[in-house]
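[1] build me a model from this:
(one chain, ligands or ions: 2)
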Amino acid sequence: MRIGVIGGGAWGTALAQVAARAGLPVTLWAREPEVVESVNGFHENRHFLAGVPLSDSIRATVDLADLAGHDALLVVAPAQHVRAVLAAAPVGCTPLVLCAKGIEAGTRLLVGEVARQAAPEAPIAVLSGPTFAHEVAAGKPTAVTLACEDEDLRARLAERLAGPAFRTYGSADVTGAEIGGAVKNVLAIACGVVEGAGLGLNARAALIARGFAEMTRFGLARGGQAETLTGLSGLGDLVLTCSSTNSRNFSLGVGLGQGKSAAELLADRKTVAEGAFTAPVLRAAAAEAGVDMPVTQAVNALLEGADVRGVVEALLSRPLREEQA
Ligand SMILES: NC(=O)c1ccc[n+]([C@@H]2O[C@H](COP(=O)([O-])OP(=O)(O)OC[C@H]3O[C@@H](n4cnc5c(N)ncnc54)[C@H](O)[C@@H]3O)[C@@H](O)[C@H]2O)c1
Ligand SMILES: O=P(O)(O)OC[C@H](O)CO
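    Ligands and ions are numbered 1, 2, ... in the order given. So this is what the prediction gives:
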């Protein structure tokens, strides 16, 4: 099985290394010529994943046409760019494994739904879970959800991408897997705010639990399954991303909690904090679906410049409610 990877950021590079470790030849498409030079010349992505030696069976390219004839394509461009790269890539009926976490602005579509529009003949799978790229690339133990409706393809991909330290758990619930990954990025910003504003560990635990309730309400409304949301791609990834400044989303929240503006924090950023793009789309999608998402609303208010103290007071002073309502 020849694997193509679309996107030479930290995660695309780490996944290229996963595939190479599994013994598969890999072509890695990056839009930056300097990334291609670094991977081909030094077997390292010095721009997005510095310090991690890469397999010499990974060949990088700036030309999307070089992805023709592969057996599967891992799609690891940021969510807002997936449509454009798929439109330009030679996809045809090659299976796509979607690895970006987000919701497209404007259309409010999950990445899998975008891919179905952009590449209607391609079978779709989703790879998601608690996966800091540096840890995966370094070979530290990691487990992911590999979701695909086609049982045979799911089993084939799960088996070929797995390795001694990279466990793939199959699921037929593509929507549930995607919603966990998209929503947790917004909730991680909220947890970062708690850290940055010094609101304490009780507050962070409460936010994870109530945030998970939000994720579940939205996920069920969009057709995801509860078991997926409590799994690696939902609760698992939420806990990881809400716990560490290794997360770009959590770090963005820390800055907001310290009183910095989103514009200041996002200016000239080379790496992606998907939650900042997902938050407004998620708020709109939740309103459309009639789902109450107060933490998501609070994150949006903070991204739009609201004062941290006022937003926290507003969250805490909402009418009391039943926990399971
Ligand atoms: N880094 C992680 O640990 C990790 C883990 C799991 C999932 N993800 C997800 O993977 C996706 C990619 O994140 P990453 O961490 O690899 O990126 P990154 O932050 O390391 O790098 C940014 C990426 O965005 C790309 N990019 C910027 N503008 C673009 C454009 N106009 N068109 C196409 N690509 C463009 C860059 O080429 C680069 O590949 C995101 O959805 C992210 O949530 C990341
Ligand atoms: O750095 P973040 O916040 O984009 O999180 C990376 C991964 O999604 C964690 O699973």
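[2] the stretch 201-325 of the chain: helices as residue ranges?
    201-221, 226-229, 237-241, 248-257, 262-266, 274-289, 294-303, 308-316 (DSSP state H, counting those that start in this stretch).
[3] can you redo these as a markdown table with mean neighbour count?
    Glycine gets a C-beta too; all of them are placed from N, C-alpha and C. Listed next are those as a markdown table, based on neighbours: other Cβ atoms under 10 Å:
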| stretch | mean neighbour count |
| --- | --- |
| helix 201-221 | 18 |
| helix 226-229 | 18 |
| helix 237-241 | 23 |
| helix 248-257 | 24 |
| helix 262-266 | 14 |
| helix 274-289 | 21 |
| helix 294-303 | 22 |
| helix 308-316 | 14 |
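[4] is stretch 237-250 up against ligand 1 anywhere?
    No: judged by Cβ under 6 Å from any ligand atom, stretch 237-250 and ligand 1 are separated, with a smallest distance of 6.8 Å.
[5] average pLDDT across that stretch?
    Stretch 237-250 shows an average pLDDT of 97 in the prediction.
[6] dump that stretch to CSV, keeping only the CA atoms.
    Written as CSV, here are the backbone C-alpha positions of stretch 237-250 (Å, rounded to 0.1, in the frame of the first residue of the first chain):
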residue,chain,number,x,y,z
ASP,A,237,-9.0,14.0,22.9
LEU,A,238,-10.9,16.5,25.1
VAL,A,239,-8.9,15.4,28.2
LEU,A,240,-5.6,15.6,26.4
THR,A,241,-6.2,18.9,24.8
CYS,A,242,-7.6,20.5,28.0
SER,A,243,-4.6,19.5,30.0
SER,A,244,-1.4,20.9,28.4
THR,A,245,0.2,23.9,26.9
ASN,A,246,1.5,21.5,24.2
SER,A,247,-2.0,22.1,22.7
ARG,A,248,-2.1,25.2,20.5
ASN,A,249,-5.8,25.7,21.4
PHE,A,250,-5.2,25.5,25.1
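[7] is that stretch anywhere near ligand 2?
    Yes: contact of stretch 237-250 with ligand 2 (Cβ under 6 Å from any ligand atom) involves Asp237, Leu240, Thr241, Ser247, Arg248, Asn249.
[8] I'd say the first one and Phe132 touch.
    No: Asp237 is not in contact with Phe132 according to Cβ atoms under 8 Å; the separation is 10.3 Å.
[9] need the contact list for the closest residue to ligand 1 within the stretch 101-250 of the chain.
    Nearest residue of the stretch 101-250 of the chain to ligand 1: Ala133, at 3.4 Å (Cβ to the nearest ligand atom). For Ala133, the contact set (Cβ atoms under 8 Å, 6 or more residues apart in numbering) comprises Ala10, Trp11, Thr13, Ala14, Leu49.
[10] can you do 6 Å?
    Neighbouring residues of Ala133 by Cβ atoms under 6 Å, 6 or more residues apart in numbering: Ala10, Trp11, Ala14.
[11] do Ala285 as well
    Counted by Cβ under 6 Å, 6+ apart, Ala285 has contacts Arg108.
[12] I'd like the distance between it and Gly275.
    Between Ala285 and Gly275 the distance, using Cβ to Cβ, to the nearest Å, works out to 14 Å.
[13] could you do Phe132 as well?
    Relative to Gly275, and taking Cβ to Cβ, Phe132 is found at 15 Å.
[14] ok, and the closest non-adjacent residue to Val193?
    Computed as Cβ to Cβ, 6 or more residues apart in numbering, the closest residue to Val193 that is not its neighbour in sequence is Gly257, at 3.9 Å.
[15] and the pLDDT for the residue of the chain found nearest ligand 1?
    For the chain, the residue closest to ligand 1 is Gly9, as judged by Cβ to the nearest ligand atom, at 2.6 Å. Note for Gly9: predicted pLDDT of 98.
[16] could you confirm Ala60 falls within a strand?
    Yes: counting by DSSP: H, G, I helix; E, B strand; the rest coil, Ala60 falls inside a strand.
[17] close enough to count as contact, it and Val39?
    Yes: at 3.8 Å, Ala60 counts as touching Val39 under the criterion of Cβ atoms under 6 Å.
[18] near ligand 2 at all, stretch 47-54?
    No: Stretch 47-54 stays clear of ligand 2 (Cβ under 6 Å from any ligand atom), getting no nearer than 11.9 Å.
[19] re the thing from before, show the contacting residues for the residue of the chain closest to ligand 1.
    Phe48.
[20] make it 7 Å
    Shown in contact with Gly9 (Cβ atoms under 7 Å, 6 or more residues apart in numbering): Phe48, Val76.
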